[in-house]
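S.K.: Let me see the structure of the following:
(one chain, ligands or ions: 1)
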Amino acid sequence: MTYTREKADEMRLRIDYNNMMKKYVGEYGISDAELSALSGKAAKAHKAMEEKRVNGKMDWRNLPYNQEEIVKEIKDYAEQMKDKVEAFVVLGIGGSALGPICVQQAINHPFYNELPREKRNGYPKLYVADNVDPERLSCLFEVINPEDCLFNCVSKSGSTSETMSQFMIIKEMLEEKLGKEKAAEHIVCTTDKEKGNLIKIAAEEGYKTFIIPSGVGGRFSELTPVGLLPAAMCGIDIELMLQGAAYMDELSKEEDFYKNPAYMFALLSYIAMEQGKNISVMMPYADSLKYVSDWFAQLWAESLGKKVDNSGNVVNSGQTPVKSLGVTDQHSQVQLYTEGPFDKMIILLGVDKFRRTMTIPKIYGDIPSLGFLGGVTQNKLIATEQMATEYALQKAGKANMTITLPEVNEFTVGELLYMLEVATGFAGELLNIDAFDQPGVEEGKNATYAMFGRPGYEEKKAELDSKPEKSEKYIIR
Ligand code: PA5
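M.R.: Numbers count the residues shown, from 1 in each chain. Sure thing, here's the model as predicted:
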């Protein structure tokens, strides 16, 4: 489906940042003067964003436009495979798993896998095996039959131990049951065109393969085959998602940050960090958007959490993302958000129009503490509770903003994810750090390889062996 311009405008996201401002939250807010004082820095950051885009250092920004062929290939493949399998299982982690989970949860039925096949429009179930917890993977085999599944091994680097370990288990299991040739029909790989082991294995074994464009990093890869293939395999309109991203790209090209939602999001977050608000809570008021917070947590944390800036100075930058859910967490974390320290900003995600309506029956009219609910919809209840939380935060002087999606659909999810990606890139420029590397993640990956004695990691092994021995004094048994 393609939206007309009119329909696209109707689906445009709104960012309401009134409650980030001093005028509304007082002392701990941001003044108009503080915001406009950043115009020089913002102009420089904008220029850097434009240059990086032109110089191929932000290839993820071209994804809404340059994938016509690959989208067709994905759609054809999904149509060809969907009837052949009961379930599509993603083997991936981090940027190779969080996007598919987030989009599937946002767009599809919340109990998608439990629906009978005809209610899934004939599409297979979707599972994402993103951890190496042995209980989880082993238990997955109690609910799926591997011979009836298509396994999508996703790894940009093509060598991540967690993902490759899952792949190795499944490959052997399939080959034992089906033989090598038939087993290959149950595996599809998504990886870099040359880096790592996976592309080589895929070529040798004859696995169908989709390529992750080389200039797109893991956490920015949802709009590549990493996210598009799993989405298409469960009936999600990937073209509409890309159209939403393209629509947001137009808005995010604007230099004037008062008109650019992504830049404004980044600037407000940047000032908040400068003020010592080291925590960014994302709190969707819709179950469908719950995993947007998970996806954003990786994007924001891994991109902005850096030891050194672009000049090599130690800066230890970043803002800790916290995942929360409205209204559920009103009954758990909101107490802290309203009355705790002024160390956080809160991003509420709201939805104007839910896809379903639930009306509370008009019963217990004679009990005043219940009667007021009678005849009210849960739609109204959740929206009212969101406004109530916003009010409570504002009254307590706690900085917060609200991003509203007119509806949750492929277009608006495309807009939202893309807006947060641009905001992350722009925040990286404001912080003068490299938002696209992840030396901290690599460190952990390399330490794992060294501990397993992987060739080439001898130096790292020696480094690990020389770390101080743990003392019994600090262990309670
Ligand atoms: O953003 C990143 O680069 C990482 O978080 C990766 O997505 C994650 O480590 C998985 O890597 P890969 O896709 O190479 O297996």
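S.K.: Would you mind checking the average pLDDT for the helix or strand hosting Leu267?
M.R.: Per DSSP states H and E, Leu267 falls inside helix 261-274. In this model, helix 261-274 has a mean pLDDT of 98.
S.K.: Extract the CA atoms of it and return them as PDB.
M.R.: Only the C-alpha atoms of helix 261-274 are listed here, as PDB (Å, rounded to 0.1, in the frame of the first residue of the first chain):
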ATOM      1  CA  PRO A 261      11.300  16.600  15.200                       C
ATOM      2  CA  ALA A 262      14.400  14.500  15.300                       C
ATOM      3  CA  TYR A 263      16.700  17.400  15.900                       C
ATOM      4  CA  MET A 264      14.500  18.800  18.600                       C
ATOM      5  CA  PHE A 265      14.300  15.400  20.400                       C
ATOM      6  CA  ALA A 266      18.100  15.300  20.300                       C
ATOM      7  CA  LEU A 267      18.600  18.900  21.400                       C
ATOM      8  CA  LEU A 268      16.300  18.500  24.400                       C
ATOM      9  CA  SER A 269      18.000  15.300  25.400                       C
ATOM     10  CA  TYR A 270      21.400  16.900  25.000                       C
ATOM     11  CA  ILE A 271      20.400  19.800  27.300                       C
ATOM     12  CA  ALA A 272      18.900  17.400  29.700                       C
ATOM     13  CA  MET A 273      22.200  15.400  29.800                       C
ATOM     14  CA  GLU A 274      24.100  18.700  30.400                       C
END
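S.K.: Show me what that helix is packed up against.
M.R.: strand 14-16, helix 32-36, helix 39-54, helix 238-252, strand 344-353, strand 400-407, helix 410-431 (3 or more CB pairs under 8 Å, 6 or more residues apart in numbering; DSSP states H and E). Every residue, glycine included, has its C-beta placed from N, CA and C.
S.K.: Kindly recompute the last result at 7 Å.
M.R.: Judged by 3 or more CB pairs under 7 Å, 6 or more residues apart in numbering; DSSP states H and E, helix 261-274 is in contact with strand 14-16, helix 410-431.
S.K.: Could you identify which of these is most buried?
M.R.: helix 410-431 (a mean of 26; mean count of other CB atoms under 10 Å).
S.K.: Would you report the backbone torsion angles of the most far-flung residue of the chain relative to its centre?
M.R.: Each residue of the chain has a distance to the centre, and by CA atoms, centre = their mean the biggest one is for Asp366: 46.2 Å. With angles defined as degrees, to the nearest 10, Asp366 sits at phi -90, psi 0.
S.K.: Next one: it from the ligand, what distance?
M.R.: Separation of Asp366 from the ligand (CB to the nearest ligand atom, to the nearest Å): 56 Å.
S.K.: which residues touch that residue?
M.R.: Applying CB atoms under 7 Å, 6 or more residues apart in numbering to Asp366 gives no contacts.
S.K.: Just the buried positions in the helix holding Leu267, please.
M.R.: If you call a residue buried by 16 or more other CB atoms under 10 Å, then helix 261-274 has these buried ones: 261-273.
S.K.: quick one, phi/psi of Gly179?
M.R.: Dihedral angles for Gly179 - degrees, to the nearest 10 - are phi 90, psi 160.
S.K.: Tell me the gap between the helix-or-strand element of the chain with minimal mean pLDDT and the middle of its chain.
M.R.: In the chain, no helix or strand scores lower on mean pLDDT, DSSP states H and E than helix 439-451, which sits at a mean of 88. Averaging C-alpha positions (CA atoms, centre = their mean, to the nearest Å) puts helix 439-451 23 Å from its chain's average.
S.K.: Off-centre distance for the very next helix or strand once past that helix?
M.R.: Using DSSP H and E, the helix or strand that follows helix 439-451 towards the C-terminus is helix 458-465. Distance, stretch centre to chain centre, for helix 458-465: 34 Å (CA atoms, centre = their mean).
S.K.: quick one, helix 458-465 and helix 439-451 angle?
M.R.: 90 degrees (axes from the mean of the first three to the mean of the last three CA atoms, to 10 degrees).
S.K.: now for the next helix or strand after the helix holding Leu267, which elements pack on it?
M.R.: Using DSSP H and E, the helix or strand that follows helix 261-274 in sequence is strand 279-284. Judged by 3+ CB pairs under 7 Å, 6+ apart, strand 279-284 is in contact with helix 290-304, strand 320-323, strand 344-353.
S.K.: how about stretch 195-206, does it reach the ligand?
M.R.: No - figure legend: stretch 195-206 not in contact with the ligand (CB under 6 Å from any ligand atom); closest approach 7.3 Å.
S.K.: Next, count neighbours for Ala392.
M.R.: Neighbour count of Ala392, defined by other CB atoms under 10 Å: 17.
S.K.: That one and Gln335 touch, don't they?
M.R.: No - the pair Ala392 and Gln335 does not pass the contact test of CB atoms under 7 Å, sitting 9.9 Å apart.
S.K.: Which single residue of the stretch 201-350 of the chain ends up nearest the ligand?
M.R.: In the stretch 201-350 of the chain, the residue that lies nearest the ligand is Gly218 (2.4 Å; CB to the nearest ligand atom).
S.K.: Name all residues that make contact with Leu289.
M.R.: Leu289 makes contacts with Ala106, Leu349, Val408, as judged by CB under 7 Å, 6+ apart.
S.K.: what residues does the chain put near the ligand?
M.R.: The chain comes close to the ligand at residues 93-96, 155-157, 160, 163, 217-219, 302, 438, 441, as judged by CB under 6 Å from any ligand atom.
S.K.: Please flag which of those sit within strands.
M.R.: Residues of these located in strands (DSSP state E): Ser155.
S.K.: Among the residues of the chain next to the ligand, find the lowest-pLDDT one for me.
M.R.: Lowest pLDDT among the residues of the chain next to the ligand: Val441, 86.
S.K.: Make sure Gly122 is indeed in a helix.
M.R.: No - Gly122: not assigned to a helix; according to DSSP: H, G, I helix; E, B strand; the rest coil it is coil.
S.K.: Tell me who's in contact with it.
M.R.: Lys82, Asp83.
S.K.: do Ser161 as well
M.R.: Contacts of Ser161 by CB under 7 Å, 6+ apart are Thr448.
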